[in-house]
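[1] Below: sequence and its predicted model.
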Amino acid sequence: MQETLVVVGAAVLRNGRVLAAQRARPEALRGLWEFPGGKTDPGEIPEAALVRECREELGAHVRPLERVGPDVPLPVEGRRAVLRLWTAEIVEGDPRPLEHLALRWLSAGELRTVDWLSADLPFLEAVGAHLTHR
Ligand code: CDP
């Protein structure tokens, strides 16, 4: 049986806020918000995928801090996959939306004001605990 694909996500924290990114593609997901990340490459350590994806998507160097929540099942291109999330901090650079429509830095009070991808929803409570209220 094919191995479960790990999709990584980064809850990038800065000044008590978390970075949310608005997807541009595919069309079905356009406009929805996510924690930036993506699929691990074959043989790639998930934490390394997180660093790579954030560099590609945000033009910034991040460092994963700690796992948040359990793996969330997610179908990807007909494969068995899970979304795995880490908190992360910026080591260098200022995140820019290189592949997204927009980026937002959300406080705890703003966390539920954007339309998240459904797989990201189970992480919001745990991420919110890392944020300032406003
Ligand atoms: O960038 P890459 O092509 O490696 O992956 P992606 O298209 O960003 O993500 C792969 C799948 O995981 C997509 O179906 C996304 O909807 C899903 N995903 C998600 O649900 N939540 C995230 N925070 C990141 C990806």
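    Great, that's in hand.
[2] does the residue of the chain found nearest the ligand have beta-bridge partners, and which?
    When scored by CB to the nearest ligand atom, the chain has G38 as its residue closest to the ligand, at 2.7 Å. Placement of C-beta: from N, CA and C, glycine included. Beta-bridge partners for G38, by DSSP bridges, are V8.
[3] residues near it, how many?
    For G38, the neighbour count with other CB atoms under 10 Å is 18.
[4] can I assume it is in contact with E57?
    Yes. Counting by CB atoms under 8 Å, G38 touches E57, with 7.5 Å between them.
[5] Name the residues contacting each of these two.
    Residues touching both G38 and E57 (CB atoms under 8 Å, 6 or more residues apart in numbering): there are none.
[6] that older thread, and the residue of the chain closest to the ligand, how far from W105?
    G38 is 21 Å from W105, where distance means CB to CB, to the nearest Å.
[7] how about A108, what does it touch?
    Residues in contact with A108 (CB under 8 Å, 6+ apart) are G128, L131, T132, H133, R134.
[8] Quick check on the spatially most central residue of the chain: phi, psi?
    Nearest to the mean C-alpha position of the chain, by CA atoms, centre = their mean, lies F35 at 2.3 Å. Taking degrees, to the nearest 10, you get phi -80, psi 130 for the backbone angles of F35.
[9] So it versus Q2, what's the distance?
    With distances taken as CB to CB, F35 is found 25 Å from Q2.
[10] The closest residue in space to R63 that isn't next to it in sequence - how many residues pack around it?
    Of all residues not flanking R63 in the chain, V91 sits nearest, at 5.1 Å (CB to CB, 6 or more residues apart in numbering). Counted by other CB under 10 Å, the residues lying close to V91 total 11.
[11] Okay, now the sheet partners of the helix or strand harbouring V91, with direction.
    V91 belongs to strand 79-92 when assigned by DSSP states H and E. When pairs are called by DSSP bridges, strand 79-92 turns out to pair with strand 5-14 (parallel), strand 61-76 (antiparallel).
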